[in-house]
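Colleague: for reference, the sequence and a predicted model appear below.
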Amino acid sequence: MVTSQAPVVEMLWEPQDPHRMLDERFGFRDGPAAGGWVADTLDKHWGVGIDSCERIVMSGGNALAWVGTPSGRLLAKWSVVPERFPRLAATARLTDWLRDRGLPVSAPVPARDGRLQVEVDRVSLGVQREVAGDLLETADAAQVRAAGAVLARLQDALAAYPDADRIPEPAGPSKPLRNRIGGWLDSHAGHLPAAARDTLRRLVAGAPPDRLPPQLVHFDFRAANVLCDRGEIVAVIDFEEARREHRLVELARASVLLGTRYHNWGPVPAEVHAEFRTGYQSERPLTPAEAEWLDILLLWQGLVMVPPGDDPTGWGPSALSRLTRP
């Protein structure tokens, strides 16, 4: 039975009042009501008795509860967005498959009937064991290199996943990278300096042939989703953005976004990009053509993050600094 102590209720990144969102989005009048529902649901469908519900964090239509049980702490994560339910079930199967292959993921705990994701009370809910660790610290070069190596191994495994076509996802890339980058420059880059746009066009025009096949990738690999303990990567979490994409596009995107967490997103120094790349190449060396494309994609993804108008965290200077590097 849940203790009477009310769970801490908070938003992951949104500025709204969490107690009002708990009611408006999830239908609970307060934290104890939400904790009681979690306890009842886990007891009924997982056969797990809950000692306490300590914390509930919300983001969009998702909620995550930390609960204490006699056998250790669990995480219960649920969504109230019905169109995402098939994807949640599919990514639960994916993480379970990755766990069986030795990848550091937070795998689902099966319910009594064997389901990894349970639809009940108009929500889709999954349970995981808490993985002890801290978010990736990009000031630690060893952690950054370890993260790069794990991304390479993760991509290798995802490329072999037999049920990739069963994951409901955004449409994969349908155009060559040259066309995609050119289309972005034409439609989304008007606020950038002309020198940056011209340099990216020139680099793309002179790049090797685009023979980068798309595959299933995580696509949200960054500090907020990588847990470390004593220098090792102990879990890559949150596969909800998984989709088909070029693995080098993911590597570039992950490099650029590696330091981002929940608030005040900002870039990491070039030295972090280099350490991340070194770790990646320790598991999967790049061909000369891939290395050339990666430099282009790093510039592209850096420019993608530059906002029009105010740039308080410095995405613009970070991206433009690549123009002066050899």
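Modeller: Everything's here; your move. Numbers count the residues shown, from 1 in each chain.

Colleague: buried sites along the helix or strand harbouring residue 276?
Modeller: Taking DSSP states H and E as the criterion, residue 276 maps to helix 270-283. Within helix 270-283, the residues scored as buried using 16 or more other C-beta atoms under 10 Å are 272, 273, 275, 276, 277, 279, 280, 281. To be clear about C-beta, it is placed using only N, CA and C from the backbone, and glycine gets the same treatment.

Colleague: quick check: end-to-end length of stretch 99-107?
Modeller: Terminal residues of stretch 99-107 are spaced 6 Å apart (C-alpha to C-alpha, to the nearest Å).

Colleague: give me the buried positions along that stretch.
Modeller: 103, 104, 105, 106, 107.

Colleague: same list (those) but as CSV, adding pLDDT, secondary structure and distance to residue 40.
Modeller: Putting the buried residues of stretch 99-107 into CSV (pLDDT from 0 to 100; DSSP: H, G, I helix; E, B strand; the rest coil; distance: C-beta to C-beta, whole Å) gives the following:
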residue, pLDDT, secondary structure, distance to residue 40
103, 98, coil, 33
104, 98, coil, 32
105, 98, strand, 28
106, 95, coil, 23
107, 91, coil, 24
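
Colleague: need those in JSON lines (columns: distance to residue 218).
Modeller: Listed next are the buried residues of stretch 99-107 as JSON lines, based on distance: C-beta to C-beta, whole Å:
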{"residue": "103", "distance to residue 218": "11"}
{"residue": "104", "distance to residue 218": "12"}
{"residue": "105", "distance to residue 218": "10"}
{"residue": "106", "distance to residue 218": "13"}
{"residue": "107", "distance to residue 218": "15"}
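
Colleague: now, among these, which is nearest to residue 188?
Modeller: Proximity of the buried residues of stretch 99-107 to residue 188 was ranked by C-beta to C-beta; the top entry is residue 105 with 33.1 Å.

Colleague: that closest one and residue 19: what is the separation?
Modeller: 32 Å (C-beta to C-beta, to the nearest Å).

Colleague: tell me the helix or strand right after the helix holding residue 276.
Modeller: helix 288-304.

Colleague: what helices and strands are in contact with that following helix?
Modeller: The helices and strands touching helix 288-304, judged by 3 or more C-beta pairs under 8 Å, 6 or more residues apart in numbering; DSSP states H and E, are helix 177-188, helix 194-205, helix 247-257, helix 315-320.

Colleague: so which of those helices is the most surrounded?
Modeller: For the helices and strands packed on helix 288-304, the largest average neighbour count (mean count of other C-beta atoms under 10 Å) is found in helix 247-257, namely a mean of 24.

Colleague: what angle do helix 288-304 and it make with each other?
Modeller: Between helix 247-257 and helix 288-304, the angle comes out at 40 degrees (axes from the mean of the first three to the mean of the last three C-alpha atoms, to 10 degrees).

Colleague: among the helices and strands packed on helix 288-304, which is nearest residue 122?
Modeller: helix 247-257 (33.1 Å).

Colleague: how far does the closest one sit from the chain's center?
Modeller: Remark: helix 247-257 is offset 12 Å from the chain centroid, using C-alpha atoms, centre = their mean, to the nearest Å.

Colleague: circling back: and which of the buried residues of helix 270-283 is nearest to residue 145?
Modeller: Looking across those and measuring by C-beta to C-beta, the closest to residue 145 is residue 279, at 3.5 Å.

Colleague: check the gap between the closest one and residue 203 for me.
Modeller: As judged by C-beta to C-beta, residue 279 and residue 203 stand 25 Å apart.

Colleague: picking that back up, let's have the helices and strands packed on helix 288-304 in CSV, adding distance to residue 151 and mean pLDDT.
Modeller: Listed next are those as CSV, based on distance: least, C-beta to C-beta, whole Å; pLDDT from 0 to 100:
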stretch, distance to residue 151, mean pLDDT
helix 177-188, 19, 96
helix 194-205, 24, 97
helix 247-257, 6, 98
helix 315-320, 20, 96
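
Colleague: need these in JSON lines (columns: distance to residue 301).
Modeller: Formatted as JSON lines, the helices and strands packed on helix 288-304 follow (distance: least, C-beta to C-beta, whole Å):
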{"stretch": "helix 177-188", "distance to residue 301": "10"}
{"stretch": "helix 194-205", "distance to residue 301": "11"}
{"stretch": "helix 247-257", "distance to residue 301": "4"}
{"stretch": "helix 315-320", "distance to residue 301": "9"}
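
Colleague: quick one: contacts for residue 213?
Modeller: Contacts for residue 213 (C-beta atoms under 8 Å, 6 or more residues apart in numbering) come out as residue 246.

Colleague: lovely, talk soon.
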